[in-house]
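Colleague: give me a model of this one.
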Amino acid sequence: KGDFCPICTLPIPLPMDKHSYFKTCCSKMICIGCSMATQKRGMYDCPFCRTPMPKDDADTLAMVQARVAKKDPEAINHLAQKHFFGVPGLLQKDVRKAIKLWTEAAELGSIDALYHLGVAYYRGEGVQQDAAKAAEFYTKAAMQGHVVSRHNLGGCEGDKLNHDRAVRHFLISAKMGCKDSVETINRASMVGFATKEQYAEALKEYQDAA
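Modeller: Here you go, the predicted structure:
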């Protein structure tokens, strides 16, 4: 999926939004460590492309829209999130617009957009609730290495009481560094839907990934 900082090339831990910053100027996820190291050297421009940082929300939105105009899939995905939640004084919340943008971003190659579409269909936000379609989007994202989509596929299988299939998904996402998957397998082992051995395997794989 490309969950690596483009500067230090190290993997960005999950959850990514807690360990990295999305740079609207170049649509790159920069790890907090590289961002802090750059600031310690007295540099406050983007650590990757050296573009001056936006002054306010309006400046940030303008940067995103400039990238969107160039059909940058990650910028379109980011703009979709802005529409989904709204930006006070700048963008009204518009979930249907967000779905349209995520669809475009997914078609252009954004794996995160596939994940967001999966969430939207699973919850019925801006679209008719459709668990099968949600699983379809999660599968497309998971096949390209999206960790949370893999975890959510486990949840979809659990909803259908396919516990063996659910655990297999959770084992994969645990190996990829998803703590929630380890905790889910632990709870499943307590009620007989997973074995203690599977929990031990998940915990070891998670620790190895950390």
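
Colleague: give me the buried positions along the worst-scoring helix or strand of the chain on mean pLDDT.
Modeller: Using mean pLDDT, DSSP states H and E, the weakest-scoring helix or strand in the chain turns out to be helix 16-19, at a mean of 90. Neighbour-count burial for helix 16-19 flags 16, 19 (criterion: 16 or more other C-beta atoms under 10 Å). In this view, the C-beta of every residue, glycine as well, is placed from N, C-alpha and C.

Colleague: which is the next helix or strand following it?
Modeller: Next helix or strand after helix 16-19 toward the C-terminus (DSSP states H and E): strand 20-23.

Colleague: list the strands paired with that next one, with their directions.
Modeller: The pairing partners recorded for strand 20-23 under DSSP bridges are strand 28-31 (antiparallel).

Colleague: just the mean pLDDT for the helix or strand just after the partner strand, thanks.
Modeller: Counting by DSSP H and E, the element after strand 28-31 in chain order, helix or strand, is helix 32-40. On average, the pLDDT along helix 32-40 is 95.

Colleague: so which residue is dead centre in this structure?
Modeller: By C-alpha atoms, centre = their mean, the chain has its centre lying nearest to residue 112, at 5.1 Å.

Colleague: not counting sequence-adjacent ones, nearest residue to that residue?
Modeller: Distance criterion C-beta to C-beta, 6 or more residues apart in numbering; nearest residue to residue 112, sequence neighbours excluded, is residue 77 at 5.1 Å.
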